[in-house]
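1. I need the structure of the sequence given here:
(chains A and B)
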Number of protein chains: 2
Amino acid sequence: MLQLNLALIGLGTVGQGFLELLHEQRESLTTRYRLAVHVVGIATARRGAIFCLDGLDIPKVLAHKDDLTTFPAQPRLIRGLSTQTTCTRPGVDVVVEVTPTDLTTGEPAISHVRAALAAGKHVITANKGPLALAYTEMTELAAHRDVFLGFEGTVMGGTPVLRFARKGLAGCTIHEVVGIINGTTNYILTQMEAGQSYADVLAEAQRLGYAETNPAGDVEGHDAAAKLVIVANTALNAPLALSQVDRTGITGLTVTDIEAARQAGDRWKLIARARRTPDGGVIASVRPERLPLSDPLAGVSGVVNAITYYTDILGPVTITGAGAGGRATGYALLSDLIELAERG
Amino acid sequence: MLQLNLALIGLGTVGQGFLELLHEQRESLTTRYRLAVHVVGIATARRGAIFCLDGLDIPKVLAHKDDLTTFPAQPRLIRGLSTQTTCTRPGVDVVVEVTPTDLTTGEPAISHVRAALAAGKHVITANKGPLALAYTEMTELAAHRDVFLGFEGTVMGGTPVLRFARKGLAGCTIHEVVGIINGTTNYILTQMEAGQSYADVLAEAQRLGYAETNPAGDVEGHDAAAKLVIVANTALNAPLALSQVDRTGITGLTVTDIEAARQAGDRWKLIARARRTPDGGVIASVRPERLPLSDPLAGVSGVVNAITYYTDILGPVTITGAGAGGRATGYALLSDLIELAERG
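-> I've put the predicted structure just below:
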């Protein structure tokens, strides 16, 4: 039985979804994967922090999730540790980093992940920042310290597209990845095809919680570009930096463009695409592309996401699934824990 | 470094494709997976058999693939062993079974696999017979002898749909599987939608090599039912026998049916479907279903295959890819070898 002491950094929707799943699946983790996980620390920027090597009761944590300073006293409980201190604290085996993504600086997540890896902790994160902005540094640091770095939850929520590229297609060479990896823009384009204007659909998406109040991260393609960097580095086995992605959002697309495509039997999609070049480099773009209906991605509608891997032996292989959701992303973190356990 | 002595039973298209890939990827198997494979035996029903614990040179085997009795002499070479004897021969670690599928008796594959497992050999097969007709016996025998039984190549050729259900979706519960898992019938239905008659398309499919001279295995749904049994047992974690699949082929579908669906924006597909019942059983069918275009499987055209897994945490997850091909199925066998190596 592998025993892991886990510290959680961040307690938003994803962190809560992860704790819920971890609690529900506790028994199957021990019986099926011979893995016992003890949550020993939770640290947040604004809602306090608790730490106890005897373990923290998950339902009790969830009952106090909005303000951890109200968590009841227990022997050896330490309060108020910083997120950074928690990442390197002795007795912690694995750090799960789920603070909000910042694609400009990558902080505070980059500092958390770097410190934890340098201290010899395994790290599992759903935060795109550290991988999109510092993929090579992070993965090399993990390899150097011989610890596990899991980030399945950074792309397509819980749908295991990265593990599929690494493990499911082991023995194949992937030369190109093409995806619809931003649910908000795909929802907007799908609704525009039904005749609604961009402004109306965006307002509706914001009301439904699919789009942020400031939608630039989605509609200008920043989110898709960050995910593309992570997929490309993982699947193509070649380095790609965020600054190298040729990026165009969907704000220039008009109802007229979309209607013209529809009448010709085509569809506009925000396509993220990266392919290896003969010299070992990568050419990457995020931009609206007009696809014929025969394209494997043309039928991907609404908030659904999909990635097609073009391989040497199998030709194109496509995975289609949900792109987001706190519980689905929490599941991705759990699946990384299972992979860590199987690694032994 | 894991060293494995491998015996190959059968040397048709799939066996040849496997040997080619094994030879091409020899170096990456040792460097990436720390696996050294020595082919020590090849046994066929009608083209002879060769066996040598010093190893057989793969290009030389392929040069004599049509008649192994012409394979040049080498020290310690044994000729003419039966397939059954080769399966249990001391010094063999893993048996790769790729004889033609027989869905009535499962033979000779069932006898090969049973003997090899009972002798404590790992087994990898692309033959649907043993798994479709004796799934529980085969998997229990492998577990009892603590050996590996790989059969990724039995469904969707090289596209790793079974591994995805077992590993990629670890931690999820799959409650229903729905697929288009016979390329021949999907090709026929796709062409009929374009206005061709059943008889014309079938003749064309036979000319292109997509359909057998006796097409009953495909068009009556036997092939899809066998694959469904394998997927359902693997993904649903509940037993399903071939005789329990409610099976209807596509021969009753007329051009009129297909045209009526097309005009309503629907599509006829030969759908294999299995779902768990509350009492732990499985309800399964293979039959033509009229799908709305919004269904994830409606856009799967031509010889392409796809399977949708309906899960508790992630909702539907679909994998789309090539359904067959000697080289792709050879790749599936290789991917099983890699999984065996990682199991250690």
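
2. What segments of chain A are strands?
-> For chain A, applying DSSP state E gives strands covering A:2-9, A:35-43, A:49-51, A:78-79, A:94-97, A:122-125, A:149-150, A:174-180, A:246-247, A:266-276, A:282-292, A:304-311, A:315-322.

3. can I get these in CSV with mean pLDDT?
-> Shown next, in CSV, are those (pLDDT from 0 to 100):
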stretch, mean pLDDT
strand A:2-9, 97
strand A:35-43, 97
strand A:49-51, 98
strand A:78-79, 98
strand A:94-97, 98
strand A:122-125, 98
strand A:149-150, 98
strand A:174-180, 97
strand A:246-247, 98
strand A:266-276, 96
strand A:282-292, 96
strand A:304-311, 95
strand A:315-322, 94
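
4. out of the ones you listed, nearest to chain B?
-> Relative to chain B, the nearest member of these by C-beta to the nearest C-beta is strand A:315-322, separated by 4.1 Å. In short, each C-beta sits where N, CA and C put it, glycine included.

5. how distant is stretch A:305-316 from the center of its chain?
-> 20 Å (C-alpha atoms, centre = their mean, to the nearest Å).

6. And that stretch, what's buried?
-> Of all the residues in stretch A:305-316, those buried under the rule 16 or more other C-beta atoms under 10 Å in any protein chain shown are A:Asn305, A:Ala306, A:Ile307, A:Thr308, A:Tyr309, A:Tyr310, A:Thr311, A:Ile313, A:Leu314, A:Gly315, A:Pro316.

7. Over to stretch A:182-200?
-> For stretch A:182-200, burial by neighbour count (16+ other C-beta under 10 Å) applies to A:182-193, A:196, A:198.

8. Ignoring the adjacent residues along the chain, who's closest to the one residue in chain A that gets nearest to chain B?
-> As assessed by C-beta to the nearest C-beta, chain B sits closest to A:Gly299 within chain A, at 3.6 Å. Distances taken as C-beta to C-beta, 6 or more residues apart in numbering or on different chains place B:Gly299 nearest to A:Gly299, at 3.6 Å, with adjacent residues excluded.

9. That neighbour is in contact with A:Asp295, isn't it?
-> No - counting by C-beta atoms under 8 Å, B:Gly299 does not reach A:Asp295; the two are 9.3 Å apart.

10. returning to that earlier point: so who does the residue of chain A closest to chain B touch?
-> By C-beta atoms under 8 Å, 6 or more residues apart in numbering or on different chains, the residues touching A:Gly299 are A:Leu293, B:Leu293, B:Pro296, B:Ala298, B:Gly299.

11. if we can go back for a sec, could I get the buried residues of stretch A:305-316 in TSV, plus columns for distance to chain B?
-> As requested, these are exported to TSV (distance: C-beta to the nearest C-beta, whole Å):
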residue	distance to chain B
A:Asn305	11
A:Ala306	8
A:Ile307	11
A:Thr308	8
A:Tyr309	9
A:Tyr310	11
A:Thr311	9
A:Ile313	5
A:Leu314	5
A:Gly315	5
A:Pro316	7
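
12. Pick out whichever of the residues you listed sits closest to B:Ile50.
-> Nearest to B:Ile50 among the buried residues of stretch A:305-316: A:Ile313, at 27.0 Å, using C-beta to C-beta.
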